[in-house]
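*Asks:* Provided below for reference: sequence and predicted model.
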Amino acid sequence: MITSILNPFYPELAKGIEDAAMSFGYNIILCSTDSDLRKERHFTRMLRSKGVDGIIFSSVEANDPNIKPLLEDGFPFILVNRRILNRSLLERVNYIALDNFSGGYMAMEHLIRLGHRRIAVITGPPNVSNNMERTKGARKAISDYGLAFDPSLVAVCHSSKELAYEAAKGFLSMKDPPSAMFAENDYKALGVREAILESGMRIPEDVALVGFDDIAATALKGVEITTINQKKYEMGSMAVRILIERIEKSSPPRVSQVTLEPELIIRQSCGYARSGYQLDRVKL
């Protein structure tokens, strides 16, 4: 269960899921919710009525109402990439996710250490764990380095390249525009990149850019966006192994909760530190 097949992050995740499932003799059915909880509920009911063995969710929201019934029924499922944040439920749920707080911190810290002081953040709806945690990490870096948080430099939009494009256009039209932008996923970063170049500005000379996810397109020659890596294929493969263990009850019931470490992938979209500007790294 994914949110959108348009976002290149999800096909890369789904490939890891499919390959691992087939190696265990299972097949997959892919459902796209378009970030609509009603669709998620519909697909969940449909899949269960068809007799599927288990469900992998990468579409859940922080307080997703579709998870509790599965727990109550003892139905096998696992969350991947996103988590619910209801603590009373989360402690009973299998999940695999990135340390998104650290990833958001890394992205913002990289831009700050390059000398940027006005940095725009293009985030997503706050009812999704990834968005919340990445934004919190970015704000912590701003605070740790003694910079002032400016709410006018934050744009909230769904995981849409087009909406991120519009948000970036808005930032660039400011009287005092940001010198750098952090798009909290790479699909958005591609939209931001398009807006910057269309405005006649250069990356990174005029505006630096950092994304998140390390989708394949960000490494293309001429694109080369600095980003935060999360091992999408491995995340999907690991989710399958944990879920099948639950389905086949090959070991005593236990809750598996895996948090993966992010990695900063430095490419050409940020350039070098501004002349005469240097900061010591904050010790966390």
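*Replies:* Yes, it's here.
*Asks:* doesn't Ser160 make contact with Lys188?
*Replies:* Yes: under the criterion of Cβ atoms under 8 Å, Lys188 makes contact with Ser160 at 7.4 Å. Bear in mind the C-beta positions are built from the backbone N, C-alpha and C, glycine included.
*Asks:* who has more neighbours, the two?
*Replies:* Between Lys188 and Ser160, counted using other Cβ atoms under 10 Å, Lys188 has the larger neighbour count: 31 against 18.
*Asks:* in which helix or strand does the more buried one reside?
*Replies:* Here Lys188 sits within helix 186-198, counting by DSSP states H and E.
*Asks:* centre of the chain to that helix, how far?
*Replies:* The chain centroid and the centroid of helix 186-198 are separated by 16 Å under Cα atoms, centre = their mean, to the nearest Å.
*Asks:* again with stretch 248-262
*Replies:* The mean C-alpha position of stretch 248-262 is separated from the chain mean by 21 Å, Cα atoms, centre = their mean.
*Asks:* contacting residues around it?
*Replies:* 78, 91-100, 102-103, 106, 228-231, 235, 238, 242, 244-246 (Cβ atoms under 8 Å, 6 or more residues apart in numbering).
*Asks:* excluding chain neighbours, what is closest to Tyr10?
*Replies:* Taking Cβ to Cβ, 6 or more residues apart in numbering as the measure, Tyr10 lies nearest to Ile2, with 4.3 Å between them; neighbours along the chain are not counted.
*Asks:* for Glu91, same thing?
*Replies:* In space, not counting the residues next to it along the chain, Glu91 is nearest to Val255; the distance is 7.1 Å by Cβ to Cβ, 6+ apart.
*Asks:* what is the burial count for that neighbour?
*Replies:* Neighbour count for Val255, taken as other Cβ under 10 Å: 12.
*Asks:* measure the residue nearest to Tyr10 to Pro11 for me?
*Replies:* In this structure, Ile2 lies at 9 Å from Pro11, with Cβ to Cβ, to the nearest Å as the measure.
*Asks:* who are the packing partners of the helix or strand of the chain with the lowest mean pLDDT?
*Replies:* Ranking every helix and strand in the chain by mean pLDDT, DSSP states H and E puts helix 87-90 at the bottom, with a mean of 88. Counting contacts by 3 or more Cβ pairs under 8 Å, 6 or more residues apart in numbering; DSSP states H and E, there are no secondary-structure elements packed against helix 87-90.
*Asks:* next, work out how far apart the residue nearest to Glu91 and Arg87 are.
*Replies:* With distances defined as Cβ to Cβ, the gap from Val255 to Arg87 amounts to 13 Å.
*Asks:* where does pLDDT dip in the protein?
*Replies:* In the prediction, the chain carries residues with pLDDT under 70 at positions 250-252, 274-284.
*Asks:* could you chop it up by domain?
*Replies:* The domain map for the chain lists 9-99+230-262, 100-229, with the assignment taken from automatic domain parsing.
*Asks:* how about those in a markdown table, adding distance to Gly271?
*Replies:* Conversion of the domains of the chain to a markdown table gives the following (distance: least, Cβ to Cβ, whole Å):
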| stretch | distance to Gly271 |
| --- | --- |
| domain 9-99+230-262 | 22 |
| domain 100-229 | 4 |
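*Asks:* quick one, strands of the stretch 51-200 of the chain?
*Replies:* Ranges of strands within the stretch 51-200 of the chain are 55-57, 77-80, 95-98, 119-123, 154-156, 180-183, based on DSSP state E, counting those that start in this stretch.
*Asks:* who touches the fifth one?
*Replies:* Under the criterion Cβ under 8 Å, 6+ apart, residues 120-126, 135, 164, 167, 170-171 lie in contact with strand 154-156.
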